[in-house]
Each structure stands twice: as structure tokens, then as C-alpha cells.
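Novice: sequence and predicted structure are below.
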Amino acid sequence: MKLLKIGISGVRGIVGESITPRLVMDFAAAFGTYLNAKPILVGRDTRISGPMLHAACTSALLATGCTVLDLGVCPTPILQLLVKPLKAMGGVSISAGHNDIKWNALTFISRDGTYLNSFQGAEVLDIYHLGKFKKVATNGLGRVKAAEQAADAYFEKLGAFLRTRTVAEAELKVVIDACSGAGARFIGRLAGILGFELIPINHEPNGFFPHDPEPRPRNAQQVVSIIKAVGADIGFLLNSDVSRVSIVTETGESLSEEFTFPLVANALLEADRGPVITNLSTSRMIEDVARGRHCPLIRTKVGQSYAIQTLLQENAVMAGEGSGGVALSKFQPAFDGFLTMGMILETMARRGKKISQLVKELPRYHIVKEKIYCPPTKIHSVVNEVKKFYRGHEMDTSDGIRVEDKQGWVQVRTSGTEPMIRVIAEDSAKDKARQRADEVIHFVNLIIK
Amino acid sequence: MKKMSSLKISISGVRGIIGESLTPQLAAAFAQAFGTYTGGGSIVVGQDARPSGTMVKQAVISGLLAVGCQPVDVGICPIPSFLFLTKESKSSGGIAITASHNPKEWNGMKFISRDGLYLTPHQTEEFLDIYHQGEFYFVEPERYKSLKTESNPAEPHLRKLISYFDVDRIRSKKYRVAIDCSNGAGAVLAPRLLEALGCEPIFIHCLPDGTYAHHPEPLPENIIDICRTTREGRADVGFVQDADADRLAVVSEKGDPLGEEATLALAAQYVLGKTPGPVVCNLSTTQAIDDIAGRVGASVIRTKIGEINVVERILATEPRPVIGGEGNGGVIIPDIHPCRDSFTAMCVILEYMASSGKSVSALQKSLPRYAMIKEKVPGSAEQAFRLINLLKKKYENKGRLELLDGLKVRMSDHWIHVRPSNTEPIIRVIAEARNRKKATAAIRRLKREITALQGQL
């Protein structure tokens, strides 16, 4: 079975199996047809297959009459922010984010700089399935314009948003593991505007990743091993397109990626009150933080597109996910790793606290995240069967099945990006979280067999 | 009449119309088939100056990367320089994005082997088999190669030309040379070559933006601008390159076009005068070549139309032919590289002028005199096939029939040739005689006969 995941705002698959020039061209042509010959941004992360997708995408967009503003290697949040200043009608970001090197993906960005919402995505998908792409004659073909310098505008805006002087005065020392991804070339710019001392690791974009590009403790060994030795104040891990961040404290503790969002929220909601958006799989920490600031919390289905659409609809102040993605509506409606790092550094500087101290202000829960491989053809029916396991309990079925009680919760859902079922359980007691996960995993395995 | 197909797949490669048949998907599929055929390695990718070149090139690059090849993007490059580079750089092959002399709406791909030659008909057949089977060898990302670029792709070709010709002699003459690059790829190298030859150039249509200030075929009626520039600029010679710079037309110092058949004739007269040896050209090339070769006792070998046919024959002939080419302005000097090369043609003519001390019009007078008329009538290859069968019967007793490529009939004072085009849905009709009047009469008669026969098809 070839792996291909068609999501709301793009398509993801394994290069050489499902991701071929033809598939990329057909999707890009569908998007170009949808945009109808307007300027469009194209950027990619550093993975070795990037130039193939980039070339296929560019060619297909030109053939539909779109002008391509080529950002080259560019983190997704930078591309998203540049859509408006560059007067583009949309963008394509070529990156499989946290997936390993075998994967790649196209994410379609709207004229507002957001992931396509479900209506926009459905329209592009309809054009794709119909296969009737706009084809223009020689005189109407689009042109490619290099726009790599455009990232300057992003950092100007970020510099204006953050209290750069406060951060600089704190003279922080920061380790960043860019995982040789799209962030590698840009973390120096962040250090430049915020005036911290940067200790970069894995900052050579060579097309390959030194570890899985998923910011979470099991990929943090390199940062953990040096952080105390170099006397750094904090360490960050980035995914390959800088939409997610996880943190290592100055004591060498590798924090779960679940901490990133509540840490930023705890700082932001001091001054900015309003609804907070998260997904159904995210830790309860954010519930406590929001409640403490008297802000309503709204949970959505998993995925940047859902979170951001709800952010905009509810006029919320921020959205975030337990995977380490954070968006602030005052900056841009996109999960943005540079902003996330900036907010955390700003909080440390402003409050004069160490990161380990800020973490202590958050409640501690125990979260267990497991995955079960399942053939894509039966994945949804398997998840549906899980309802039987929780018969008699109140279930939230807006994204898989979620069962909650006072002490904790468990969720069973299909992955949006891979052929697997995710089981997430959280409890204030560690062994209870594990027990919640294990009992349902046992049940799911029985069904699959 | 049936609607003509806008996609042509032939021994000359693939050509199609942008926005109709030549899509990114098609270009990528051919690139994947070619990458699979070459079995990986580096593949040079070049383009002529057409505005659609970038779209097609990006598609080709993605196809090559997906099958594990390393594309080397050389940008806009004259086709002879590109062929030379493919060989010199020890690449596994090359893909040239060009539709040669077809109008701007067209583009296409030519596939080049590791020797820097167009794929032979046999190789093309193997390669097309892979394309038609549609099973491409997609590699895992771990085996992907990076994309390379080459900003000076014509350099090896330029060095070769400078070392081959008598540059000092040409330089000593300080010729004024008017040159029209047809807004094509030739503009990438022409200024540097003329500078190296110590010429004072007058450029027109030398911005390689693919706009084609005139129709890209270098026929006399398309080269009014260069004739005026040559005359008014008091140039010693005028040159016109076609859009991919494999063919050359020559204009005398008086501003008179010599006619495209004269390019190979002049070159052959000079080269054979220095080194007698076999000549290879196609069936439609002027009779003057036979006369020139006859004077020095050299043999002339005629081939089917299509550069690759001439080249294959050159490579298969012993002793090695000293010159070859086509009457459409394509000159091949096998010692430089076995391909049509407008830059080689320029060098030969300038060296001929320099060593003889004669003007272009004087050299033209020394050529055997013939008049050729080339016309075309609409018609598919299939119509052409049936038409030729009917014409064969008609001409059986009128002259010597040659059936190598379409129908050529040699009669006492003229010859005619009828054949389907390899690149467009048209039938080419050609007649040559000692003078224009006779050639005109022959072509009129032939077209009348064709019209009458087409009514019967």
C-alpha cells in the first residue's frame, strides 16, 4: 500500500511511492487553477527531495498562468506572513514538518496567510479530482521571480512585535537545534534581532536530518548533552519547517512538547484576555492556565487548519497544540516557531526568571502518547469500533473518540498525516495515564487482528 | 481535413504546443523515461530562449530528480555548445528544451546521448518504449542527487573553436560582422566568439528573450533586417543564426542574402579545397555539393532528412568525412563535433574570406549556380505516404527515383523531392534547377499534381 494522505490544506506522502512529479504537478495545477493566474509564493524546507517537489510545483503553477515568487528554502511561518506584503494570492509550502526524510508534502496557504480551510481545501480537491487544469498558451505563462530577500520583512515585523531591548539586556545564551531544517539558515536572524548568544547545533542544511525532525524529548539528546556544559539558559528544538518548538531547561530537563503552548499562554494571557483555542489531544495544562486568567478555552479537531479557523471565527487571542505549535492572533494566524521562541525568551527576560522556574508555575500532568499502525483502508472503522469499549461513558466524537473524567482523559483518533491510530491519555497520576492508554491499545490491537 | 495533432514525437524528439499538448506532466514523464533509460548519473539540461523554456525545464528537472539523476541546469545555451558540453562534461546524457525553428507557441525536448549526439533512431525506440510502458524507476529520497547549475555552458565549445581555426589570420582582417541571433540562444556565445576572432560586431535581435523579431527560420524572406544592417553598416559579411544556433544563413557585403543552401556549399568548397575527403549530406541538399566534391574527386553520401541521419552516416563512414551537413544552413565539421553548428559555420566562412582575401559576393560567384525552391503543403504523414505512392507511378519513367526518404526524382535539368515533415503536420516539396525560372516551373507543376492527387485521396 502506497502511503498518501490528502488533508484539508494539502497532500503528504512518501517520496518515490506516492509523491511523484506527476502527483505534485496535478495538485499544484489544481491549486493554480483555483487561484486563477495570480502571484503565488513557493518555499520549501531543506529535505533532499525538496528541489524535486519545488521544480514540479513551479512548472505546474507557471503552466496555469500563475507567477511564482520563489522564496527558496523558507520556514512555513515566514512564507505565511509574507503572503500579504508580497501581494500574493496564496502560497505553497513544501515540507513534511515533523515527518522523517522519506516524507514530503505540499501545504496550500490562502491569501490570508493561513492554511486553507475546509471549504477552500474541498474546492482545490474537486479541481484535482476533475483533472481539468487551467492551461495557458505561451503568452500567458507565468514567470518565476526570486524573492529570497523577502524574509527581511518577516524579521522586521517580529522585531517590532517583541520587546527586543528587554531580551537583549538579559544577555541570554540559547541553544537551538534546527535539525538541519528550514530554520537552520534563519536562527541567526532571530539571535540578531533579540540580541541573545546563539549556540546553534544541526544548523547545516545538507538535505538530511540528524534525528527525526519532531521536537520532543526523545529527539533532544544532543541539546540535553551540551546545555549545562555550555551554561545556556534554554534550549529549543525545531521541526523542519519551524512551526513547532520544544524546550530543554537550563538544568538539562527535556520538557514534553506539551509545555510549549501553556508556557506562552501563561505569559500572554497576563495582559491579553480572550478565548484560547486548542485541540482535543492537548494537555489539560492549558485548561488550568486559561481558567486562572478567566479566559474561555475552546477545543477543536487536531490540525493547524482547524485551530486557526476557530481562532479567526472566535476572535481568540491565541491557538496552540500540544505538539508545540503556537499562534498569536496579534502577530499572525499561523503556528510560528520563531514567535514562540521569542515569546518564551521575552518572558524569561521580562520576569527575570529561569525557564525551570517558569515551568514550575504550570500544573504537572502525565501524558502518554502512543501510536498503532493500521492499514489505511480500515483505520476509520477500527476507531469507530472503539466506541464499544467505552459504552456507557460520555464520548466526544468530534475527532475520533475522547473520554474524559475528573482525573484525566483518553483520546483515540486517526492520524492526519500517517496511517496510524494515535492514543493519547493524560492523568494527574502517572500510572493512571499509562493504564488509560494501555487498556484501549489492547482493545484496538484485538480489533486489528 | 482532420484536425492536426499538436504533439509530435519523432526521431527529432518531442514537440508540442504550450497550453495544449506540451504540459508539465508530459515533460516530466519524458524526463523520467530518459533518466530511467540512462540509468541515473548527471544529465545536462539546457533551453533555448523561448519564454516557455523555464516552465518545461522545471518539469524536466523534477522528473530527473525523481528517478535519481543529477540534473545540471545550464540555462539558455546554443544547441551545438550544449551537445559539445554534454560530451565534454562526461554526463550520462542531456535534455535540450527547444522546438528548434517551430513558432513561439511550440516547445519541445531533444534527447542527447553521453557522446553529445542526438539519440539515434534505435536509441529513440528503446527510450520511447520506456516512456510508453510508463514504469519509471522512482528512487527513495536517500538516493536523491542534488540539483547543480552551470553558468558558463558554452565555454568548452568556444575553447575548441578557438583552438581549431586560424584565429590569427581572421583577427588580422578586423572584419566588420553584422549578426542577427533571432533573439535566440546564439546570443549567449556569438558576442564572445566574434570578439575572440577580432571582429567588429554589429548586433541585431541579440537579446535572448525568445521574442523572435522575425520568423525563426533563416530563410531569405525572414532576414530583411540583417540585409539592411549589413549594407548600411558597411559590414564585410552578415550572419543570421536560427533560434537554437545550429543553422546559419549568410549575407554578402552588398546586403544580398546568399540563400541558406549556400552556407554548406561555401563551407564545403573551402574545407574540401584544403582537405579532400568524403562529404555527407541529406537528400534535399543542393546539387552544388556534388559539383564541388567532383572538382576534387571527393565522394558525396546522401542520407535521409534529419540531422541524426547525417551524423550517424558521418560516424559510420571511413575514411572519416571532412564535412557534412544539410542545405538548410547546417554545417558539420566532424573534427570539431559531429553536429550542425552555426558557430563552426561562421568560423569556416570568416577563415575562407581571410585566407582567400575575397569578399563574400566574390566567393558566392565561385559557387556552382543552382536555384532551389522549398515549399510546403498541409498534410499529415499518412496523407504524404499515400500521395508519394501515387507520385511514384507518375514519375516512374521520367527520371531516376530515390525512395530513401519520401520521393526524390532526378531529371535531366532539375530534381524534385516530396516528403512528410518530421516535426510538423506538413508535406515538404522541393525543386532545384540551374536557374530560378526552371525551378519555379518545376515546383508549380509538382504542386498542381499534388493538388489533383489530394482530391483523389
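Specialist: Yep, it's here.

Novice: use CA for all of it now, contacts and neighbours both
Specialist: Noted.

Novice: which one in the chain is furthest away from the centre?
Specialist: No chain specified, so I'll use chain A. A:Asn139 (39.0 Å; CA atoms, centre = their mean).

Novice: meant chain B actually
Specialist: B:Glu142 (40.4 Å).

Novice: assign a three-state SS to it, would you?
Specialist: What DSSP: H, G, I helix; E, B strand; the rest coil gives for B:Glu142 is helix.

Novice: now do the contacts for it.
Specialist: When contacts are counted by CA atoms under 8 Å, 6 or more residues apart in numbering or on different chains, B:Glu142 touches A:Ile48, A:Ile101, A:Lys102.

Novice: need those in TSV with secondary structure and neighbour count, can you?
Specialist: Listed next are the contacts of B:Glu142 as TSV, based on DSSP: H, G, I helix; E, B strand; the rest coil; neighbours: other CA atoms under 10 Å in any protein chain shown:
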residue	secondary structure	neighbour count
A:Ile48	coil	24
A:Ile101	coil	24
A:Lys102	coil	19
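
Novice: just the closest of those residues to B:Arg50, please.
Specialist: Comparing the contacts of B:Glu142 against B:Arg50 with CA to CA picks out A:Ile48 as the nearest, at 29.8 Å.

Novice: ok, and the closest non-adjacent residue to the closest one?
Specialist: Once flanking residues are discounted, A:Ile48 sits nearest to A:Gly207: 4.1 Å by CA to CA, 6 or more residues apart in numbering or on different chains.

Novice: wait, a strand at the one you found?
Specialist: No. The assignment for A:Gly207, made by three-state DSSP, is coil rather than a strand.

Novice: ok, it to A:Cys57 distance?
Specialist: Counting by CA to CA, to the nearest Å, the separation of A:Gly207 from A:Cys57 is 19 Å.

Novice: so between these two, which is more surrounded?
Specialist: Per other CA atoms under 10 Å in any protein chain shown, whichever of A:Gly207 and A:Cys57 has more neighbours is A:Cys57, with 32 against 22.

Novice: show the pLDDT at that one.
Specialist: If you check A:Cys57, the pLDDT there is 98.

Novice: SS state for it?
Specialist: A:Cys57 - assigned by three-state DSSP - is helix.

Novice: my understanding was that it contacts A:Val24; is that so?
Specialist: Yes. Between A:Cys57 and A:Val24 there is a contact under CA atoms under 8 Å: 6.1 Å.

Novice: what does whatever helix or strand A:Arg402 lives in rub up against?
Specialist: Assigned by DSSP states H and E, A:Arg402 belongs to strand A:401-404. Contact with strand A:401-404 is made by A:280, A:383-384, A:386-387, A:390, A:393-396, A:409-413, as judged by CA under 8 Å, 6+ apart.

Novice: parallel or antiparallel, list what pairs with that strand.
Specialist: strand A:395-396 (antiparallel), strand A:408-414 (antiparallel) (DSSP bridges).

Novice: and the helix or strand just after the longest one, what other elements does it pack with?
Specialist: Under the assignment DSSP H and E, the closest C-terminal helix or strand after strand A:408-414 is strand A:420-427. Packing partners of strand A:420-427 (3 or more CA pairs under 8 Å, 6 or more residues apart in numbering or on different chains; DSSP states H and E): strand A:366-373, helix A:379-389, strand A:408-414, helix A:430-448.

Novice: again, only this time at 6 Å
Specialist: The contact analysis (3 or more CA pairs under 6 Å, 6 or more residues apart in numbering or on different chains; DSSP states H and E) places strand A:420-427 against strand A:366-373, strand A:408-414, helix A:430-448.

Novice: redo these as a markdown table? Include mean neighbour count and mean pLDDT.
Specialist: Putting those into a markdown table (neighbours: other CA atoms under 10 Å in any protein chain shown; pLDDT from 0 to 100) gives the following:
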| stretch | mean neighbour count | mean pLDDT |
| --- | --- | --- |
| strand A:366-373 | 18 | 92 |
| strand A:408-414 | 24 | 94 |
| helix A:430-448 | 16 | 93 |
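
Novice: near chain A, which residues of the stretch 51-200 of chain B?
Specialist: Proximity of the stretch 51-200 of chain B to chain A, by CA under 6 Å from any CA of the partner chain, involves residues B:Ser52, B:Met55, B:Gln58, B:Ala59, B:Ser62, B:Gly63, B:Leu65, B:Glu105, B:Phe138, B:Val139, B:Glu140, B:Pro141.

Novice: what's the closest of the residues you listed to A:Gly195?
Specialist: Nearest to A:Gly195 among those, counting by CA to CA, is B:Pro141 at 37.5 Å.

Novice: from A:Gly13, how far out is the closest one?
Specialist: 12 Å.

Novice: in the host helix or strand of A:Leu61, what's buried?
Specialist: Using DSSP H and E, A:Leu61 maps to helix A:50-63. Residues of helix A:50-63 classed as buried by neighbour count (16 or more other CA atoms under 10 Å in any protein chain shown): A:50-63.

Novice: so what does the residue in the stretch 301-449 of chain A positioned nearest to chain B have for phi and psi?
Specialist: Distances between the stretch 301-449 of chain A and chain B by CA to the nearest CA are smallest at A:Glu418, namely 17.6 Å. Dihedral pair for A:Glu418: phi -140, psi 160, per degrees, to the nearest 10.

Novice: just to revisit the earlier point, got the residues of the stretch 51-200 of chain B next to chain A as TSV, with pLDDT columns?
Specialist: Compiled in TSV, those are given as follows (pLDDT from 0 to 100):
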residue	pLDDT
B:Ser52	95
B:Met55	97
B:Gln58	98
B:Ala59	98
B:Ser62	98
B:Gly63	98
B:Leu65	98
B:Glu105	91
B:Phe138	95
B:Val139	96
B:Glu140	96
B:Pro141	95
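
Novice: which of those fall within helices?
Specialist: Among those, the ones falling in helices (DSSP state H) are B:Met55, B:Gln58, B:Ala59, B:Ser62, B:Gly63, B:Leu65.
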